[in-house]
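In: Build me a structure from this.
(2 chains)
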Protein chains: 2
Amino acid sequence: MDKDEFRRGVPTVHKIWGISTAIIAGDLLFSKSFEALLYLKELSVDSRRIVEAARILAQAASTIAEGQAMDMAFEERTDVTEEEYFQMIYKKTATLFEASTKIGALVGGGSAEDVELIGNYGRNLGIAFQIQDDILGVIGEEEKLGKPVGSDIREGKKTIIVIHALRKALPKDKEKLLEALGNRSLSREKISDVISLLISTGSIDYAKEIALKYANIAKSIIEGIKVKDHEAKEMLIELANYVVKRLK
Amino acid sequence: MDKDEFRRGVPTVHKIWGISTAIIAGDLLFSKSFEALLYLKELSVDSRRIVEAARILAQAASTIAEGQAMDMAFEERTDVTEEEYFQMIYKKTATLFEASTKIGALVGGGSAEDVELIGNYGRNLGIAFQIQDDILGVIGEEEKLGKPVGSDIREGKKTIIVIHALRKALPKDKEKLLEALGNRSLSREKISDVISLLISTGSIDYAKEIALKYANIAKSIIEGIKVKDHEAKEMLIELANYVVKRLK
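Out: From the prediction side, this is the model:
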């Protein structure tokens, strides 16, 4: 199982063992994350910090479900705005980055201000990550992604790339794009045409620019935090650099 | 939505909105249960009790996923023992009753002994409930159940009724039963034959007897607990009576 397959663990389970097992595997991973957090009591972490951390995780889990539902609802629409897109990826993706970083700071004994700051880093990194994911969904290599090129187009996903292209394309091209979006049996050739269109409208570059902006905000936030553990800080900076690098 | 449909909430969502939405709805309900629990901090419940309660819930959730996986794995087998069946329904069903009752006692300020005792009540009630559910799956009315009569047979579920019948049936009848189990396109007529067989082997009565035994254990445990709040105690006794009554 390579890295991307691991990240998409449950869909992989789905392909091998069927939908029911995939659902159960998802539930299991879900409860295991709470179990791990609540086990911290045995490691003498203060109970109030654990309750707060678990509350952040539970709220994040609810928000993620909401974001995922929005993402699916957007597939049926053609008038999704950039603002709605940002709300959706905040909920679907960046929430988990935010919660994870906050929980780390909280459990590590950080102050309320530290927790907020590092959560802010996580949120911005998460948004950069999701936009990057959307870009790779169009121009990435199939083997690395673990899903077929163009699957976002076949599913009618309203990524920032598509939203930008629908705004910038000439009427004839816009029509072509709308026809392709959500067509589950779209040919490889037609997908290539759509990708060319998304490049020519400047929509990929537009998305890259925004992702870079968010990754750089994340980097500057973490650089500004005063810490004792410089190794941990370096790792978080590297994480932001990694997103930036993949975009170049 | 009637009571049984409510209990089977996620499968109902599945039929109306599709599998993806059903999965998300399940995840949402899952995280909402943790959110509700962690909200108790605002109601001045002691943090250590909340951590312990959330730990019980998280472990129960993992155990339920395990039990559900066992239940599915048993569909493919014909040699499931009664012991394995009891392990499976403890994990799949009784765990949640146990966790719910324990959490109630814990949050309500109960002693460690109270929590154990009431959890014991929940566990026994849950086992009685699941066996009752398996009985109703064979002889229940379709409208009340919200799922077709005989669906457990079509799915090849290894309920205690089926395990008993496989042990007691004459070789010819056993063969007939094995042919029917897991046959998803089994006719209504064949299902009637199987039900008659399960009655004639005494397997329904056998299951009823065991369910009653567990419900009565639950009742005697709760009756033995000394409480200040008699109304709450009465409700828990009534809950056990309800299971017993439905079995008569």
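In: measure the residue located most distally from the centre of chain A to A:Y90 for me?
Out: Most distant from the centre of chain A: A:S44, at 32.7 Å, with distances by C-alpha atoms, centre = their mean. As judged by C-beta to C-beta, to the nearest Å, A:S44 and A:Y90 stand 34 Å apart. For every residue, glycine as well, the C-beta is placed using N, CA and C.
In: Kindly report the residues of chain A close to chain B.
Out: Proximity of chain A to chain B, by C-beta under 8 Å from any C-beta of the partner chain, involves residues A:19-21, A:23-28, A:30-32, A:34-35, A:37-39, A:41, A:47-48, A:50-52, A:54-55, A:57-59, A:61-62, A:64-66, A:68-69, A:72.
In: Recalculate using a threshold of 7 Å.
Out: Within chain A, the positions near chain B by C-beta under 7 Å from any C-beta of the partner chain are A:19-21, A:23-24, A:27-28, A:30-32, A:34-35, A:38, A:41, A:47-48, A:50-51, A:54-55, A:58-59, A:61-62, A:65, A:68-69, A:72.
In: Buried ones among these?
Out: With burial judged by 16 or more other C-beta atoms under 10 Å in any protein chain shown, the buried subset of the residues of chain A next to chain B is A:21, A:23-24, A:27-28, A:30-31, A:34-35, A:38, A:41, A:47, A:50-51, A:54-55, A:58-59, A:61-62, A:65, A:68-69, A:72.
In: Out of those residues, list just those in helices.
Out: Here DSSP state H is the test, and these give A:21, A:23-24, A:27-28, A:30-31, A:34-35, A:38, A:47, A:50-51, A:54-55, A:58-59, A:61-62, A:65, A:68-69, A:72 as lying in helices.
In: In chain A, where is pLDDT below threshold?
Out: In the predicted model of chain A, residues A:1-15, A:142-147, A:247-248 satisfy pLDDT under 70.
In: For the helix or strand where A:D152 lies, buried residues please.
Out: In the assignment (DSSP states H and E), A:D152 maps to helix A:151-154. Using 16+ other C-beta under 10 Å as the test for burial, helix A:151-154 gives A:152-154.
In: closest to A:I210 among the residues you listed?
Out: A:D152 (16.8 Å; C-beta to C-beta).
In: can you give me the helices in chain A?
Out: Taking DSSP H, the helices of chain A run over residues A:3-7, A:9-17, A:19-38, A:47-75, A:82-89, A:95-107, A:112-139, A:142-145, A:151-154, A:160-168, A:171-180, A:188-200, A:203-224, A:230-247.
In: Give me the domain ranges for chain A.
Out: Residue ranges for the domains of chain A, per automatic domain parsing: A:1-44, A:62-247.
In: Can you tell me which of the ones you listed is most buried?
Out: domain A:62-247 (a mean of 18; mean count of other C-beta atoms under 10 Å in any protein chain shown).
In: Run the chain-centre distance for that domain.
Out: 5 Å (C-alpha atoms, centre = their mean, to the nearest Å).
In: now stretch A:39-56
Out: Computed by C-alpha atoms, centre = their mean, the chain-centroid distance of stretch A:39-56 equals 26 Å.
In: ok, residues contacting that stretch?
Out: Residues from elsewhere that reach stretch A:39-56 (C-beta atoms under 7 Å, 6 or more residues apart in numbering or on different chains): A:34, A:37-38, A:99, A:102-103, A:106-107, B:34, B:38, B:41, B:47-48, B:50-51, B:54.
In: and if you look at stretch A:84-93?
Out: For stretch A:84-93, using C-beta under 7 Å, 6+ apart, the contacting residues are A:63-64, A:66-68, A:70-71, A:74, A:126-127, A:129-130, A:158, A:160, A:163.
In: and which of the residues you listed is nearest to A:K190?
Out: Nearest member of these to A:K190, counting by C-beta to C-beta, is A:K158, at 18.6 Å.
In: In this structure that closest one contacts A:V80, no?
Out: Yes: using C-beta atoms under 7 Å, A:K158 is in contact with A:V80, at 4.1 Å.
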